[in-house]
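Enquirer: would you be able to build a 3D model of this:
(one chain, ligands or ions: 2)
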Amino acid sequence: MYVDVILPVPLADSYTYFAPPEMEAQISVGALVTVEFGQSRRLSGIVGYIRQAPPQSLNKIKPILAVETAQPVVRQPQIPFWEWISQYYLCKLGEVYNAAIPSGLRADSPISYTARKETFIRLSGAYANNNLNDAFQKITRSAKQEQLLLAFMQYSRAAKGEIAKKELLAKSQATSSILNSLIEKRILETFDKEISRLQVYGEEVETLNKLNDYQQTAYNEILDRFSGKDVCLLHGVTSSGKTEIYTHLIAKTLDMNRQVLFLLPEIALTAQITTRLKKFYGDRLGVYHSKINENERIEIWNNLLTDTVLSVILGVRSSIFLPFRDLGLIIVDEEHEPSYKQQDPAPRYHARNAAIVLARMHGAKVVLGSATPSIESFHNARTGKYGYVQLNKRFEETELPLIMPVDVKELRRKKQMKTLFSPLLIEKMQTALTNGEQVLLFHNRRGFSPTLVCKICDWTPKCTYCDVSLSYHKYANHLTCHYCGRVYKLPQHCPECENAALKPWGFGTEKIEDEIRTLFPSVAVARMDSDTTRNKKSSEEIISHFEAGETQILIGTQMIAKGLDFAKVSLAGIINADSLMNFPDFRAYERAYQLMAQVAGRTGRRKTHGEVVLQTSHPDHPLIQLALNHDYEGMYAMQSEERQLFRYPPFSRLINIDLKHKKDDVLREASAYFCAILREKLGDRVMGPDKPAVGRVQNLFIRRILLKIEAKASVRTLREILEKAQNRTAQVAEFKYITMAFDVDPE
Ligand SMILES: [Zn+2]
Ligand SMILES: [Zn+2]
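Expert: Numbering: from 1, shown residues only. Ligands and ions are numbered 1, 2, ... in the order given. Next up, the predicted model:
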């Protein structure tokens, strides 16, 4: 028997091995096996395909060394789904396997699964048939032992005569020495039992909240769209109750004994929604993201594999890889969020787009939810590819927030910008705080300031390994590289001119916090950005303190703009809207609009009318005007025209190819060579090679090639062209160590 094994290496898609006769019975598609790879590496691979006929050349085929799991660790259609990802996103099957399977399932992993065990109590053998008269006879002289035995009988009845030792002691309020006496008398005995790490929801599940009229209409419309389309875009203004609608769609799917995947873009958002969904689905709801530990991850995986309890998974992008039995519905909430795209390493997949393909494989429906849909999804709805449902009334019919632009250029000219905050923003903050309301301050840059600069000669400190200025973090009192994470000491003086006066240039969230604390010394302030949320707990704490009103002002980056629901926020400040628009990226305006709308949407969610102070040097800019008028369709029209003209998505498909090497001259030649080969077939669809904005990261120089391919072009043909060009380049001796990374549909 010959089998093709998918291995966690970025070389070929799979490798053929030989199964010795004694193993044949145990081998099935999806089973994990140990094989030798190269000279002496042992790897865990997954059986992808069992060959009917032996491969053409039989020499050098090695045997499988061991079968790790006779039962498959994946379900249909997972392997075809991996194949689609590797084809479309231009990576190897092994890279998808590596990302998809929890590493703890594999024998070659240093962290393998350990079951959680707990000590349990049961009746010992002689009394197991409930012949307890003898037992009570033995302890007539000890009232406490008698009480404990009665308590044991009472609490263990519901659980097949077993109870955790901890639980028994807590409930009976007995001491362990009393328990030990019963064990010594061989009435009770202890044993170890594997227990689940998945949280048990101890309470009764509740019935769903009734939908209001608008929500009910939208719900019915979604079901109606589903009769003709597989994907429906739910375009609902912030605070319109999209989650309520989701809960009803989930319940309907569960009633059909099918499963649900609920995708969120950020871990930070899971806590709030978990609490809301647990009430309705109890233990059937599982939560899956990168910050749960490996053992928990494996328990969720196995629970789905054996179809034990879980039937709704709430998770971030990697949950598309879980072994679902039968998905009936996938919800992609905040579908426009760029964090659905995996950046590094490969597979660089887009979870929203991959989820749509996964749904098709399961025969499931997809709801894409957003207040500010991506241009791509809105385009698909406009052209009839997706169904479309709009929800433009807010919950409790609060009005959309009032956005007030402030011309900071003008204020600076009049010397009225003494801090980072305009007089209007300060006044509005004072009013909100006096009224016991809360304030959000948004800025898209973390750290104290983007960099330090020499007042005399304009020198700025740069990372030794990346071509990028270092960010200044005042509290930690150091400089960091936001690309490679390296930390540098503060220079005492400028190395160019010996001047000692280095001053911060520009500002980040840390500086905003600094100034707010000076301005409002008695107000509780918190900051939420990737510096303050290194672990999952810290972001949950920041959010729950703010929810509880223990902090009044929350300062943050993108993180605070996304989907969070705060009841008492009446004011938001966008400290510098221009910095959102000035990105050298075709999506800059779309993103800037989305962020402004999302920040605004966090205000006025319960009855109070929300206000937003938007600081900009260009109050007349068309995009700012569109944001003030909540004119999403206007933004779409403007962007769609531009993108059609310059061949950007959704009218073309983009592929970034980054070539890297430690020597710049070798890289320059190799990129030109590779590009020339591509142009033979692809002509003017090839742009570059160019130096990207950051031309060196981690001591490797980078050249970028951009492909603009017709949206309907064949994925397979393109892949062949790219592979051939890559192989021809690699055959040139001096280009051998050039690395190439393909990023399809970059965000
Ligand atoms: Zn200097
Ligand atoms: Zn660096």
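
Enquirer: ramachandran angles for whichever residue of the stretch 101-250 of the chain sits closest to ligand 2?
Expert: Nearest residue of the stretch 101-250 of the chain to ligand 2, counting by CB to the ion: Ser103, 27.5 Å away. Heads up, the C-betas are built off the backbone N, CA and C, glycines and all. Note on Ser103: its backbone torsions stand at phi -60, psi -30 [degrees, to the nearest 10].

Enquirer: pull the number of nearby residues for it.
Expert: 16 (other CB atoms under 10 Å).

Enquirer: nearest residue to it in space, please, no chain neighbours.
Expert: Ser109 (4.3 Å; CB to CB, 6 or more residues apart in numbering).

Enquirer: surely that neighbour touches Ser44?
Expert: Yes - using CB atoms under 8 Å, Ser109 is in contact with Ser44, at 7.3 Å.

Enquirer: now the helix or strand bottoming out on mean pLDDT in the chain, how far from the chain's geometric center?
Expert: Within the chain, no helix or strand scores below helix 133-138, which has a mean of 83 by mean pLDDT, DSSP states H and E. With CA atoms, centre = their mean, to the nearest Å as the basis, helix 133-138 stands 59 Å off its chain's centre.

Enquirer: after that helix comes which helix or strand?
Expert: Scanning forward in sequence from helix 133-138 by DSSP states H and E, the next helix or strand is helix 143-156.

Enquirer: next SSE after that following helix?
Expert: Counting by DSSP H and E, what follows helix 143-156 is strand 163-164.

Enquirer: helix or strand next in line after that next one, which one?
Expert: For strand 163-164, the following helix or strand on the C-terminal side (DSSP H and E) is helix 165-172.

Enquirer: now do that following helix against helix 143-156, angle only.
Expert: Calculated by axes from the mean of the first three to the mean of the last three CA atoms, to 10 degrees, helix 165-172 forms an angle of 110 degrees with helix 143-156.

Enquirer: if we can go back for a sec, and Ser109 and Ser44? Which one has more around it.
Expert: Set Ser109 next to Ser44 and count neighbours by other CB under 10 Å: Ser44 wins out with 22 against 15.

Enquirer: tell me the pLDDT at that one?
Expert: Looking at Ser44, its pLDDT stands at 96.

Enquirer: then Arg643?
Expert: The per-residue pLDDT of Arg643 was computed as 93.

Enquirer: same check, this time on Ser40
Expert: On the pLDDT scale, Ser40 is placed at 86.

Enquirer: run a quick neighbour tally on it.
Expert: Counted by other CB under 10 Å, the residues lying close to Ser40 total 6.

Enquirer: please apply the same query to the one 5 residues further on.
Expert: For Gly45, the number of neighbouring residues by other CB under 10 Å comes to 27.

Enquirer: so how far is ligand 2 from it?
Expert: 35 Å (CB to the ion, to the nearest Å).

Enquirer: was I right to think that residue contacts Gly30?
Expert: No - using CB under 8 Å, Gly45 makes no contact with Gly30, being 11.4 Å away.

Enquirer: tell me the mean pLDDT for the helix or strand harbouring Ala432?
Expert: Per DSSP H and E, Ala432 falls inside helix 423-434. Here helix 423-434 scores 96 as its mean pLDDT.

Enquirer: same thing with stretch 543-561?
Expert: For stretch 543-561, the mean pLDDT works out to 92.

Enquirer: quick check: buried residues in it?
Expert: If you call a residue buried by 16 or more other CB atoms under 10 Å, then stretch 543-561 has these buried ones: 543, 546-547, 551-561.

Enquirer: excluding residues flanking it in the chain, which one is nearest the residue most central in space within the chain?
Expert: The chain has Val316 as the residue nearest its centroid, 3.9 Å off, counting by CA atoms, centre = their mean. Closest residue in space to Val316, ignoring its immediate chain neighbours: His289 at 4.5 Å, by CB to CB, 6+ apart.

Enquirer: how close does the one you found get to ligand 2?
Expert: From His289 over to ligand 2 (counting by CB to the ion), the distance is 27 Å.

Enquirer: report pLDDT for that residue.
Expert: 88.

Enquirer: what about it, how many residues nearby?
Expert: Residues lying near His289 (other CB under 10 Å) number 18.

Enquirer: Throw the buried residues of stretch 543-561 into a markdown table and include distance to Asp620, thanks.
Expert: Output for these, formatted as a markdown table (distance: CB to CB, whole Å):
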| residue | distance to Asp620 |
| --- | --- |
| Ile543 | 36 |
| Phe546 | 34 |
| Glu547 | 37 |
| Thr551 | 35 |
| Gln552 | 33 |
| Ile553 | 30 |
| Leu554 | 30 |
| Ile555 | 28 |
| Gly556 | 28 |
| Thr557 | 27 |
| Gln558 | 26 |
| Met559 | 30 |
| Ile560 | 27 |
| Ala561 | 24 |
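
Enquirer: closest to ligand 2 out of the residues you listed?
Expert: Closest approach between the buried residues of stretch 543-561 and ligand 2, by CB to the ion: Thr557, at 19.8 Å.

Enquirer: which secondary structure element is home to Asn353?
Expert: helix 351-362.

Enquirer: which parts of that helix are buried?
Expert: 351-359, 362.

Enquirer: ok, now stretch 113-125?
Expert: Using 16+ other CB under 10 Å as the test for burial, stretch 113-125 gives 113, 120-124.

Enquirer: from Met528, how far off is Ala561?
Expert: Ala561 sits 10 Å away from Met528, going by CB to CB, to the nearest Å.

Enquirer: residues making contact with the least confident helix or strand of the chain?
Expert: When contacts are defined by CB atoms under 8 Å, 6 or more residues apart in numbering, helix 133-138 is touched by residues 126-127, 146, 149, 185, 187.

Enquirer: in it, which residues are buried?
Expert: Ala135.

Enquirer: likewise stretch 363-374?
Expert: Applying 16+ other CB under 10 Å to stretch 363-374 flags 364-374 as buried.

Enquirer: swap in stretch 401-416?
Expert: 401, 403-406, 408, 411.

Enquirer: need the residues you listed in CSV with secondary structure and pLDDT, can you?
Expert: As requested, these are exported to CSV (DSSP: H, G, I helix; E, B strand; the rest coil; pLDDT from 0 to 100):
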residue, secondary structure, pLDDT
Pro401, coil, 89
Ile403, strand, 95
Met404, strand, 96
Pro405, strand, 96
Val406, strand, 96
Val408, helix, 94
Leu411, helix, 95
